[in-house]
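The sequence and its predicted three-dimensional model are supplied below.
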Amino acid sequence: MNKKERIELIKQIEKDLGYGRFIHTLGVAETSANLAMRWGVDPSAAEQAGLLHDCAKCLPLAKMRKICLKEGMILNDYEQDSAALLHSKAGSVLARTKYGVTDEEVLSAIKYHTTGRPAMSTLEKIVFTADYIEPGRESAPDLPQVRRMAYENLDACVFKILGDTLSYLARSDAPADPMTRKTYDYYASIQKLQKEN
Ligand code: DGI
Ligand code: FE
Ligand code: FE
């Protein structure tokens with residue numbers, strides 16, 4: 001994004017989101033850019049992904065479904081009825097069609113920001129993590145520790161977030177998407193490998 005595109009995007013996002021969601025979005029964008037500086041990826045791409053990660057969040061579920069289906073996406077039974085899961089997929093479509101994003105890495109970071117996926121790119125891990133640790137978040141367990149981990153060991157941080165998310169879903173009787181479990185299992189193996197070496 002150049003300077004003008006950045007300003008236009010922030011203006012547009014402010015219009016399209018509720019104010020609370022907009023403030024969260026700014027937190028995720030700034031945190032993503034900071035993590036990008038720490039982990040050696042393009043801060044501008046990270047900021048763009050952060051700004052757009054929840055761009056579909058304020059749409060009705062039926063609209064999210066329509067956006068995904070029009071794109072030929074096949075939705076599983078968990079996604080069909082869950083705005084919590086669908087907004088990231090619909091968001092990646094809107095980022096391209098409505099906000100003109102062409103960078104596939106950015107689109108993918110938006111698409112997987114809720115469930116993650118095995119073997120995420122650094123940018124994907126950054127947006128996934130920034131969403132959880134941005135300054136406006138307050139309810140997650142061990143936040144000070146998770147925030148520090150994000151700057152020390154990104155894979156360990158992603159694993160911790162996935163574990164805590166699965167516990168939270170179990171406590172709330174919400175079904176975990178198979179992708180969230182698969183991502184957890186993958187990062188569990190990565191952690192095991194890192195500890196062995
Ligand atoms: O959109 P945000 O609220 O900023 O954050 P998010 O995109 O990470 O979505 C968070 C919500 O999604 C949170 O309430 C937990 C929920 N979630 C995360 N993984 C899963 C999930 N919900 C279901 N049903 N299944 C999952 O695997
Ligand atoms: Fe989200
Ligand atoms: Fe978010």
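Looks like it arrived, so ask away. Numbering: from 1, shown residues only. Ligands and ions are numbered 1, 2, ... in the order given.

Please tell me how far residue 43 sits from residue 164.
To residue 164, residue 43 is 27 Å away according to C-beta to C-beta, to the nearest Å. C-beta coordinates here come from the backbone N, C-alpha and C atoms, glycine included.

Point out where this structure drops to low pLDDT.
Within the chain, no stretch has pLDDT under 70.

near ligand 3, which residues of it?
Applying C-beta under 5 Å from the ion, we find that the chain lies next to ligand 3 at 54, 131.

for the chain, what spans make up the helices?
In the chain, the segments counted as helices under DSSP state H are 3-16, 19-39, 43-52, 61-70, 77-80, 83-97, 104-111, 122-133, 143-152, 154-171, 178-196.

For those helices, give me TSV that also has mean neighbour count.
Formatted as TSV, these follow (neighbours: other C-beta atoms under 10 Å):
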stretch	mean neighbour count
helix 3-16	14
helix 19-39	19
helix 43-52	25
helix 61-70	16
helix 77-80	16
helix 83-97	22
helix 104-111	22
helix 122-133	25
helix 143-152	15
helix 154-171	18
helix 178-196	15
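
Let me see the backbone angles for the residue nearest in space to the middle of the chain.
When C-alpha atoms, centre = their mean is applied to the chain, the residue found nearest the centroid is residue 113 (2.2 Å). Taking degrees, to the nearest 10, you get phi -70, psi -20 for the backbone angles of residue 113.

Can you verify my assumption that it contacts residue 52?
No - using C-beta atoms under 8 Å, residue 113 is not in contact with residue 52, being 9.8 Å away.

Return every residue with contacts to both of the two.
residue 91 (C-beta atoms under 8 Å, 6 or more residues apart in numbering).

and stretch 126-141, how far out from the chain's middle?
For stretch 126-141, the separation from the chain centroid amounts to 10 Å (computed by C-alpha atoms, centre = their mean, to the nearest Å).

just stretch 64-73 next, same as before
In terms of C-alpha atoms, centre = their mean, the centre of stretch 64-73 is set 19 Å apart from its chain centre.

Likewise for stretch 41-52?
Taking the mean of its C-alpha atoms, stretch 41-52 sits 11 Å from the chain's own mean (C-alpha atoms, centre = their mean).

again, but for stretch 125-142
What separates the centre of stretch 125-142 from the centre of its chain is 10 Å, taken as C-alpha atoms, centre = their mean.
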